[in-house]
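*Asks:* Predicted model and sequence below, questions to follow.
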Amino acid sequence: MRAVLVEPGAPGHLKLAEAPAPAPWSNQALVEVKAISLNLGEVRRARNSPAGTHLGWDLAGVVAEPAADGSGPKAGARVVGIKMAGAWADRAAVDANMLAPLPDGLSFARAATLPVAGLTALYALEQAGQLLGRKVLVTGASGGVGLFGIQLAKLSGAEVTALIRREAYRELVREAGADHVIVGERAEGAAAHGPFNCILESVGGQVLADALKLVKRAGVLVNYGVSSGEEATIRVADFFRAGQARYYGLYLFTEFGRRPASDGLSVLAGLAAAERIGVHIGAEGGLDELGRLAERLYNREIPGKAVIHVD
């Protein structure tokens, strides 16, 4: 089969090559991949992985062979799914509990944007509990997780403040539903709209240090990334004096022990099919262009999601 593998020196450190077809375990379905979306975490991993490594998390496609143990979607089902590695290919073996069926009308391209970005936003907001009438801050708001986070928080009845680095993305986050938009390299400007019951934080460094000061009493800051690559120096007293505040580290693949990916993906796919949440695809290409798009995503040149169509 065709697969995109790590190749140092190639665009994005990735190259289209031939690879052995997957051999599914009894609890895995064999999926004919139709669309893939890229995430910053895996794109960064490609730059630090040995040649020949097969990466890839997000996929959507058709079940070619159902799981032998009878679990999960049946043959011919249109599905969206997530893997810890190996989605960047024509075919993928996916755990049945990591797959969800697609509603009619939801395209493979739109569905492929949901797994990592959508599930991270959904599971992060769940840490805050009831959001009706409460305040949410989303940092890195023009990225895939950020845009889903804004929309899901608004659906829950929250007042949302978005932090972005570039003025050019102001209208994008406004259209996603942000009530307030802060442009800059720090989060201190968000104080005028806080404190916040929930903060979705993915930047790290000074933004994290600023955001910790903005958590409301009994609120929670959910940290799921460090896109700046910078360390944070914090005044601990600024955080604990809020009282009953929580700092929650979210690594998506460990969350599935709490709530299976199939469950969250079903929710997101239903919302997308009903057009209650939108999908912003900032760039598209074929499997042979994955490395080039990965390079652009690494350089933060793509707002929202980058999608690969697998012919």
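*Replies:* Arrived safely. What you see is a predicted model, and the numbers here were worked out from it, not measured in a lab.
*Asks:* Only C-alpha atoms from now on, for both contacts and neighbour counts.
*Replies:* Noted.
*Asks:* Leaving aside the residues adjacent along the chain, what's closest to the most centrally placed residue in the chain?
*Replies:* Nearest to the mean C-alpha position of the chain, by Cα atoms, centre = their mean, lies Ala117 at 1.5 Å. Distances taken as Cα to Cα, 6 or more residues apart in numbering place Val145 nearest to Ala117, at 4.3 Å, with adjacent residues excluded.
*Asks:* The one you found and Gly225: what is the separation?
*Replies:* 10 Å (Cα to Cα, to the nearest Å).
*Asks:* Which residue of the two possesses the greater neighbour count?
*Replies:* Val145 (28 against 18; other Cα atoms under 10 Å).
*Asks:* Roughly how far does the nearest residue to Tyr169 once chain neighbours are set aside sit from Glu42?
*Replies:* The spatially closest residue to Tyr169, leaving aside those adjacent along the chain, is Ser142, at 6.5 Å (Cα to Cα, 6+ apart). Distance from Ser142 to Glu42, counting by Cα to Cα: 18 Å.
*Asks:* So for Glu18, what's the pLDDT?
*Replies:* Glu18 carries a pLDDT score of 97 in this model.
*Asks:* Next one: it from Met1, what distance?
*Replies:* On the measure of Cα to Cα, Glu18 and Met1 end up 6 Å apart.
*Asks:* And for Leu212?
*Replies:* 47 Å.
*Asks:* These two - which one has more neighbours?
*Replies:* Higher neighbour count among Leu212 and Met1: Leu212, with 25 against 12, using other Cα under 10 Å.
*Asks:* For that one, which non-adjacent residue is closest in space?
*Replies:* Nearest residue to Leu212 in three dimensions, chain neighbours excluded: Phe239, at 5.7 Å (Cα to Cα, 6+ apart).
*Asks:* if you average pLDDT over the helix or strand containing the one you found, what comes out?
*Replies:* Element membership of Phe239 [criterion: DSSP states H and E] is helix 236-240. The average pLDDT within helix 236-240 is 88.
*Asks:* Which elements pack onto the very next helix or strand once past that helix?
*Replies:* Going down the chain from helix 236-240, the next helix or strand is strand 246-249, by DSSP H and E. Using 3 or more Cα pairs under 8 Å, 6 or more residues apart in numbering; DSSP states H and E, the elements in contact with strand 246-249 are strand 215-223.
*Asks:* Name the residues of the strand it packs on that are buried.
*Replies:* Residues Val215, Lys216, Arg217, Gly219, Val220, Leu221, Val222, Asn223 are the ones in strand 215-223 that count as buried (16 or more other Cα atoms under 10 Å).
*Asks:* what's the distance between Gly9 and Leu38?
*Replies:* 19 Å.
*Asks:* Then Pro24?
*Replies:* 23 Å.
*Asks:* The strand or helix carrying Ala121 vs strand 215-223, what angle?
*Replies:* Following DSSP H and E, the helix or strand that holds Ala121 is helix 119-126. Per axes from the mean of the first three to the mean of the last three Cα atoms, to 10 degrees, the angle that helix 119-126 makes with strand 215-223 is 160 degrees.
*Asks:* Following the chain past helix 119-126, name the next helix or strand.
*Replies:* In N-to-C order, the element after helix 119-126 by DSSP H and E is strand 135-138.
*Asks:* and that next one, how far from the chain's centre?
*Replies:* Offset of strand 135-138 from its chain centre (Cα atoms, centre = their mean, to the nearest Å): 17 Å.
*Asks:* now the strands for the stretch 1-150 of the chain?
*Replies:* 2-6, 14-18, 28-38, 58-65, 78-82, 91-95, 99-101, 135-138 (DSSP state E, counting those that start in this stretch).
*Asks:* CSV for those, including mean neighbour count and distance to Val310?
*Replies:* Converted to CSV, the strands of the stretch 1-150 of the chain look like this (neighbours: other Cα atoms under 10 Å; distance: least, Cα to Cα, whole Å):
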stretch, mean neighbour count, distance to Val310
strand 2-6, 24, 10
strand 14-18, 19, 12
strand 28-38, 27, 5
strand 58-65, 26, 9
strand 78-82, 29, 14
strand 91-95, 25, 10
strand 99-101, 26, 18
strand 135-138, 29, 32
